[in-house]
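**Student:** With the sequence up front, the predicted model follows.
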Amino acid sequence: MGYFSKELTKIIEGYIGRFETKRSSILPILHAIQDEKDWIRDEDVLALESEFNLPAVDVREVLTFYTMYRTSPVKPYRIEICNSISCWLRGADKTIETLENHMARWKQKTGNEPPFEVHAVACLGMCGHAPVAFVNKDRHLNVTPELALKLVEQYTSKNLAKVESKQETQNVEGGH
Amino acid sequence: MTNTENTLNAEKTQNLVNLTIDGKPVSVPHGTSVIEAAKKIGSKIPHFCWHPGLSVAGVCRLCMVKIEGNPKLQIGCNTQVTEGMKVETKHQEAKEAQKWALEFHLVNHPLDCPTCDQAGECKLQDYYMQVGRYDSQVNEEKVLKPKALDVGTELILDTERCILCSRCVRFEDQVSKTSSLGIFNRGDHSQIGLIPGRRIEHNYSYNLVDICPVGAFTARDFRFKCRVWFLEKTKTTCPGCSTGCSVSVFGNKMEREYYRLKPEVDHEVNGHWMCDYGRKMYKHCNASARQSVPQKNGTPVDWNRITNELVQELTKARNKKVALVLTPQYTNEEYALVLSSIKQILGTTPTVFIWRPETENPTEFDGVLFRGDHNANTKGLERALSQANIQAEIIRGNIEPLKNANPDLTIVLGPEIEMAYGNIENTLQSLSKLSNVVYFGVTLSDTTKQFSLTVPTKVFVEKNGTYLNYNSMPRKLIANAPVFSQIMGLDDMFAAALQRIEQ
Amino acid sequence: MPLMKNDYLGRKPEDFRIFSIFEGKENHRTLDAYRQHDGYAALTKVLKEKIPPDDVITMVKNSGLRGRGGAGFPTGMKWGFVPKAPGEKYVITNFDEGEPGTYKDRYIAEMNSHMLIEGMILAAYAIGAAKSYVYIRGEFIEERKWVETSIREAYEAGFLGKNILGSGFSHEMDIYFGAGAYICGEETGLISSLEGKKGQPKLKPPFPAVQGYLGKPTIVNNVETLAAVPWILRNGPDAYRKFGTEKSAGTKLFNLSGPIVNPGCFELPLGYPLKRFIYEDGGGLLDGKKLKAVIPGGASAPVLTAAEIENINLDYESVAAAGSMLGSGAVIVIPEDISMVDVLHNIMAFFAHESCGQCTPCREGTGWLFRIVDRFKKGTATKADLDRVYDIANNMAGRTICTLSDAAAMPAKSFIRKFAHEFEARIR
């Protein structure tokens, strides 16, 4: 019995054989692990070495270099709001502030950690629809403070069940 | 070997490229970098990340030079010479760029020189004195990173001092092939490190300390022991194995105390490196590890009487059975002198035995430098015996053959580096049961007190002479003043003994 | 997608469409839709008529097509650098669109990624590459699916794979996705990333055309660059040159962002007046605010004051003559009520976050600049800090392996120079 699930093992093996060199498989493999396990643990890195011969140093360098990989536990809803120049010029900082305040209030009111987390991130490449945000893998456009609060409500009211990333992403067509 | 070194060797015979550096003409083989070409005419271009024994990284951006016709400054390490190239290493623009490159290196460097062991041989300090800005512009909070990490038996790592030159990472990838280091995170949070919980435990780890241009890697063995400016070095040969690496032994002359060994560049033998085993070769040289005076039947004998004692023992044994036990750790010159003078004094050739470690794999090689024959001069001893037409029997641990020869006098040149022999106590015990033993060695013990005569010997760093390495290449030893001022070497003793006999 | 509003140079807005022909069409992302617009006609012609690869390169050279990723290097010339000798070679599409303000490459994927795929196959044919990759940034989840679907369709239709259209030319294509690093938009950083490493740029020389991916000859081109190639081969280099200016030929996708009435991705002929773009097509600033400054080519381009944009046209030469750069074509407008200190603070935070950490002047310089600008924002900076920003920026630019240090230095210098009074007002 291997360290990773059967499905994940199959995906990993697929990536290992897919590119010219084995090393190229590191990035997509880390994405796959994160997709299944939400975040990447030291043990995952070690298992890639022991079971698939991917040197742990190589994997860890990649893991810590790229910002999409998460190395600590995540809450059910991870909200990433672009705060680079175009989004910032259209009030991304206000959206972020609104959500941070909302989190604080949530904690105060319920005594519990809110089931979401907020991160300001670098350019997400949809600058004409600023501010742009991701909730887990769903992209949302023109995320004003009002829309942000509505999104939090929509997601968290789903019985705190983690929203499947397979869910239809918002249709951006016509949004131009 | 690096690519550049390969090129240098491969193209020695081919056409040279002619260029000028700081106005001086220089001719170097095609493929040479500007930084190497400059070295040839004594023009030192400051650099951190470039190392002649490693691949080019080009990241410290310190070795900026001006090349005529090129609007942008170029780095000397990744720029290959071309015919007619005009390089200026001290051009105003280049100097300014070097100054600023240093300034950038200091933005997050802790500047803890007073407590840093690298102080005094730190490239960051040296270059700052040479080309730095004396009115530093840095007035910032530093990015804090982990300090004094225990990363190996021999190593301490301070990630805050690290300037991210990546030399150590390349060493691990290219030389020791252990690839245990990485640079994690990015931007000014980039940090040198290992996989959590892992350590650097290989036989070349001290090289990381050597190549680290700052005090990020320090040697556990040397930390806080001595300021480097009190040390003087003696260039010689490492006695740790049959490779015979060129090394320097660093000692404090005032205290007559040795602190460390470092490799000396030697393209024919060890390149830029040496192993951790070899690094220990200073320990047996210090007074605390050695016996200082000879003993006769367990009683100290004055050094000025030792020649008499030796002559007495030898003359007593004339026309009797004499055994000579040799270990492969002495110089060619010592073997020649000992063999010839004993023969001359006795009038006959003694029965010679070679005493080797009880267990060893002398043909083993780790693929880098370290060889399974932990004796510096196996080849030299073989040659000395064959030149003297002597067939010698090898003894290991068990001295039966020697016992069976039933010698009236046994002269033993014991090992200088006893750890190569594992535990020599058993063998010494067996030897002590022989009738009359004259023993030469470094550490003399209760057992050796039972010998008729026990004589302390000089160690490699106190000798002039040669070893023949595994490849029969002569390796030179250069003598430093001995730790014990009165000590006599084998050369002095046997030469004096001969003289005495001839009188 | 906002389109050009009015006639330009006596021609209708529709006459300037290369990428935006799919705009407003049903099911426009499919292979069928692409074929209805002569999709794969160029590839079919090249392969059936056995047009020599060098002729393809010559046509691209003659079209005047320049790299649309930001540097504007002539595309045909780049292809010409690849050694002719047979052997493993690669074509890589740079779809790591990450320059703040830029979202044009994804527009092509959204319209129809077959434009890109056909362009890649033609590029591969021209340099003799048997394998190509689309390197797409990890955040483009939806865009990746579009490209993947198109690649699959192209395989099914026989435009990819062995012996394409019976020509004897074979080509495989795959997609690779990043994981969050601006530096992977730099071509050698991208190659490092595709090799499964940190996205750190490689020393040049050697250049990728000679030693790129896995040490093999490689061309890395921007999405928009490659997507223009089928049109050029179909209609001829001269037709392409009918758009744009003499030195900046063709159309280009421009992105308008910031507080503007009508933000979006526009296809415009190069040489289009910047002011007209902002006010006519973009509809001017939101809430009728006055324009203070424009960043014409993505976050790394030097800023221009409102006065400076008066006579600037959107082509490489005109913007360069004004002291900035066309870059990726990301036009970011800054209104009168926004502090330039705060804008620079935002941009410096971005570059400090995105420096790969390899070269010392960039690793330390980007963080240093940010810390100083942060002091301006907090009101704790000194007069000396103003000069220091300038000195640091000057000594980072041009001193590193790639141009990220320049990208950070250029805005820093231009902001301080052109809006000194705003910075001085924040001095302690």
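**Tutor:** Everything's here; your move. These numbers were taken from a predicted model, which means no experiment stands behind them.

**Student:** got the residues of chain A near chain B?
**Tutor:** When proximity is defined as C-beta under 8 Å from any C-beta of the partner chain, chain A approaches chain B at A:D42, A:V45, A:L46, A:P55, A:A56, A:V57, A:D58, A:R60, A:E61, A:T64, A:F65. For the C-beta atoms, the positions are set from N, CA and C on the backbone; glycine is no exception.

**Student:** does the last one really touch C:A181, like I thought?
**Tutor:** It refers to A:F65. Yes: using C-beta atoms under 8 Å, A:F65 is in contact with C:A181, at 6.6 Å.

**Student:** Can you pull the residues that touch both of those two?
**Tutor:** With contacts taken as C-beta atoms under 8 Å, 6 or more residues apart in numbering or on different chains, the residues that reach both A:F65 and C:A181 are B:R186, C:G199, C:C356.

**Student:** tell me the contacts of the last one?
**Tutor:** Right, the one you point to is C:C356. Per C-beta under 8 Å, 6+ apart, neighbours of C:C356: A:65, B:186-187, C:181, C:183, C:189, C:198-201, C:362-363, C:404.

**Student:** and with 10 Å instead?
**Tutor:** Residues counted as contacts of C:C356 (C-beta atoms under 10 Å, 6 or more residues apart in numbering or on different chains) are A:65, B:186-187, B:190, C:181-184, C:186, C:189, C:192, C:198-201, C:362-363, C:400-402, C:404.

**Student:** Tell me where the longest helix sits in the chain.
**Tutor:** Went with chain A since none was named. helix A:92-110 (DSSP state H).

**Student:** my bad, chain C
**Tutor:** Chain C, longest helix under DSSP H: helix C:360-378.

**Student:** What residues of that helix count as buried?
**Tutor:** Buried residues in helix C:360-378, defined by neighbour count with 16 or more other C-beta atoms under 10 Å in any protein chain shown: C:360-377.

**Student:** Also near chain B: which of those, exactly?
**Tutor:** Near chain B, judged by C-beta under 10 Å from any C-beta of the partner chain, the entries from the buried residues of helix C:360-378 are C:360-368, C:370-372, C:375.

**Student:** quick one: which of those residues is nearest to B:C165?
**Tutor:** Distance to B:C165, by C-beta to C-beta, is smallest for C:T360 among those, at 8.4 Å.

**Student:** Count the neighbours of the closest residue in space to that closest one that isn't next to it in sequence for me.
**Tutor:** Closest residue to C:T360 apart from its sequence neighbours, by C-beta to C-beta, 6 or more residues apart in numbering or on different chains: B:F104 at 4.8 Å. The number of residues packed near B:F104 is 29, by other C-beta atoms under 10 Å in any protein chain shown.

**Student:** what sits against C:G212?
**Tutor:** C:G212 makes contacts with C:82, C:89-92, C:187-188, C:190-191, C:194-195, C:202, C:206, C:218-220, as judged by C-beta under 10 Å, 6+ apart.

**Student:** Drop anything exposed from the residues you listed.
**Tutor:** Buried among these by 16+ other C-beta under 10 Å: C:82, C:89-92, C:187-188, C:190-191, C:194-195, C:202, C:218-220.

**Student:** Determine which two of those residues are furthest apart.
**Tutor:** Comparing all pairs in those by C-beta to C-beta, the longest separation belongs to C:V82 and C:E195, at 18.7 Å.

**Student:** still on that earlier bit, among the contacts of C:C356, which are located in helices?
**Tutor:** A:F65, C:G189, C:S192, C:C362, C:R363, C:L404.

**Student:** Now flag whichever of the residues you listed is closest to B:R371.
**Tutor:** C:S192 (38.1 Å).

**Student:** from what I can see that closest one touches C:G178, true?
**Tutor:** No: counting by C-beta atoms under 10 Å, C:G178 is not a contact partner of C:S192; they are 11.1 Å apart.

**Student:** on that earlier part again, which of the buried ones among the contacts of C:G212 fall in strands?
**Tutor:** Mapping these onto strands (DSSP state E) picks out C:Y90, C:V91, C:I92, C:T218, C:I219, C:V220.

**Student:** TSV for these, including distance to chain B and pLDDT?
**Tutor:** What follows is those, written out as TSV (distance: C-beta to the nearest C-beta, whole Å; pLDDT from 0 to 100):
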residue	distance to chain B	pLDDT
C:Y90	23	98
C:V91	26	98
C:I92	22	98
C:T218	19	98
C:I219	22	98
C:V220	20	98
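
**Student:** With respect to B:S55, which of those is nearest?
**Tutor:** Nearest member of these to B:S55, counting by C-beta to C-beta, is C:T218, at 20.2 Å.

**Student:** How about the closest one, nearest residue that isn't a chain neighbour?
**Tutor:** C:T218 sits nearest to C:G212 (C-beta to C-beta, 6+ apart), 2.5 Å away.

**Student:** With C:I312 instead?
**Tutor:** Per C-beta to C-beta, 6+ apart, closest to C:I312 is C:L274, 4.6 Å.

**Student:** Could you report the pLDDT at the one you found?
**Tutor:** Listed pLDDT for C:L274 reads 97.

**Student:** what sits against it?
**Tutor:** By C-beta under 10 Å, 6+ apart, the neighbours of C:L274 are C:254, C:294, C:296, C:304, C:308-315, C:318-319, C:322, C:331.

**Student:** Quick one: neighbours of C:K247, just the number.
**Tutor:** Neighbour tally, C:K247, other C-beta under 10 Å: 15.

**Student:** That one belongs to a helix, doesn't it?
**Tutor:** No: according to DSSP: H, G, I helix; E, B strand; the rest coil, C:K247 belongs to no helix; its state is coil.

**Student:** surely B:K476 meets B:N464?
**Tutor:** Yes: here B:K476 reaches B:N464: they are 8.3 Å apart, a contact under C-beta under 10 Å.

**Student:** Report the set of residues contacting both of these two.
**Tutor:** B:T236, B:T331.

**Student:** My guess is C:K242 contacts C:A249. True?
**Tutor:** Yes: here C:K242 reaches C:A249: they are 8.5 Å apart, a contact under C-beta under 10 Å.

**Student:** Spatially nearest residue to C:T44 (excluding sequence neighbours)?
**Tutor:** C:L165 (6.2 Å).

**Student:** pretty sure that neighbour belongs to a strand, no?
**Tutor:** No: applying three-state DSSP, one finds C:L165 to be helix, outside a strand.

**Student:** Tally up the residues packed near it, please.
**Tutor:** Counted with other C-beta under 10 Å, the neighbours of C:L165 add up to 15.

**Student:** Many thanks, have a good one.
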